[in-house]
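Enquirer: no letters, just coordinates:
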């Protein structure tokens, strides 16, 4: 798919439950381009990707698989999407396992890492990608329950997964967090979400400093508007139709345009990169 093939508008649509289902989206997001050629950059590696059933997480899993990595994907309850991702990863060649659970629960995060070690015997790459977001028209509409839930899923989970994984990563391991342009610039309707993403950026800087002596690199990718299930599950049908039109490129990104960045940060080519935020946002972003 080239830029000329990308319609800047999506059909109006809405999903009622977070984090949304990819198989219900029209058009479905593009996870990986046929033109992407793997070159064994991650051969022999084991990667764990939270929120790996769809959207950016699925794209990361497929790109990692095409580069030779074995995959473990986490998901909340989107069984059909997760099953599709496992199938697509295994069509690339590497083994793949899927584990359902809430990454906001520290005990689950420990079990998830333990399951990966039992299945594959190692863990080299952690991708903290799972997230949820909820819009509010006014700040006073934020409820304590929503704020706590958003923080638990988006930032607490990154800390829980990191603390569970770090003892097993070893020298040469890496952590890649999914931040957001909203973490750098804010968002008037995604107040708690943007706050968690800013916290993820700070966590990335802090872990990079704490783990440098162990040879573990920590970086983040900060996407702009990307066509994922989280979008129709967060915004109204009318807002979805205009989603991404405020970027310089006048369209949202596709997950396939994010996956290669995670490959780069996980590969030897990025061996001198840590504590960095890689912004991929269509050249700028204001609003939804």
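Expert: Thanks, I have the structure now. This structure is a prediction, so every number in the text was calculated from the model and none was measured.

Enquirer: centroid-nearest residue for this structure?
Expert: Nearest to the mean C-alpha position of the chain, by Cα atoms, centre = their mean, lies residue 129 at 3.1 Å.

Enquirer: that one and residue 144: what is the separation?
Expert: Using Cβ to Cβ, to the nearest Å, residue 129 is found at 26 Å from residue 144. To be clear about C-beta, it is placed using only N, CA and C from the backbone, and glycine gets the same treatment.

Enquirer: so where does residue 166 fall, helix or strand?
Expert: Using DSSP states H and E, residue 166 maps to helix 157-169.

Enquirer: neighbouring contacts of that helix?
Expert: 48, 50, 103-106, 109-110, 112-113, 117, 122-124, 126, 128, 130, 175, 177, 200, 203, 207, 211, 214, 216 (Cβ atoms under 8 Å, 6 or more residues apart in numbering).

Enquirer: pretty sure residue 225 sits against residue 240.
Expert: No: using Cβ atoms under 8 Å, residue 225 makes no contact with residue 240, being 10.7 Å away.

Enquirer: next, show the common contact partners of the two.
Expert: With Cβ under 8 Å, 6+ apart, residue 225 and residue 240 have common neighbours residue 231.

Enquirer: if we can go back for a sec, mind checking which of the contacts of helix 157-169 are buried?
Expert: 48, 50, 103-104, 106, 109, 112-113, 117, 123-124, 126, 128, 130, 175, 177, 200, 203, 207, 211, 216 (16 or more other Cβ atoms under 10 Å).

Enquirer: return the helix or strand in this protein with minimum mean pLDDT.
Expert: helix 237-242 (a mean of 79; mean pLDDT, DSSP states H and E).

Enquirer: what's the helix or strand that that one is followed by packed up against?
Expert: Next along the chain after helix 237-242, taking DSSP H and E as the criterion, comes helix 259-266. Where contact means 3 or more Cβ pairs under 8 Å, 6 or more residues apart in numbering; DSSP states H and E, helix 259-266 is packed against helix 55-66, strand 174-178, strand 217-223, strand 277-280.

Enquirer: distance to residue 260 and mean pLDDT added to these, as a markdown table?
Expert: A markdown table is the format used below for the helices and strands packed on helix 259-266 (distance: least, Cβ to Cβ, whole Å; pLDDT from 0 to 100):
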| stretch | distance to residue 260 | mean pLDDT |
| --- | --- | --- |
| helix 55-66 | 6 | 97 |
| strand 174-178 | 12 | 98 |
| strand 217-223 | 10 | 98 |
| strand 277-280 | 10 | 97 |
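
Enquirer: buried deepest among those, which one?
Expert: helix 55-66 (a mean of 29; mean count of other Cβ atoms under 10 Å).

Enquirer: ok, the nearest residue to residue 252 once chain neighbours are set aside - contacts?
Expert: When the adjacent residues along the chain are set aside, residue 252 lies closest to residue 244, with 2.8 Å between them (Cβ to Cβ, 6 or more residues apart in numbering). For residue 244, the contact set (Cβ under 8 Å, 6+ apart) comprises 8, 224, 225, 227, 250, 251, 252, 253, 282.

Enquirer: tally of neighbours for residue 29?
Expert: As a burial measure, residue 29 scores 21 neighbours (other Cβ atoms under 10 Å).

Enquirer: on the three-state scheme, it is what?
Expert: Following DSSP: H, G, I helix; E, B strand; the rest coil, residue 29 is assigned to coil.
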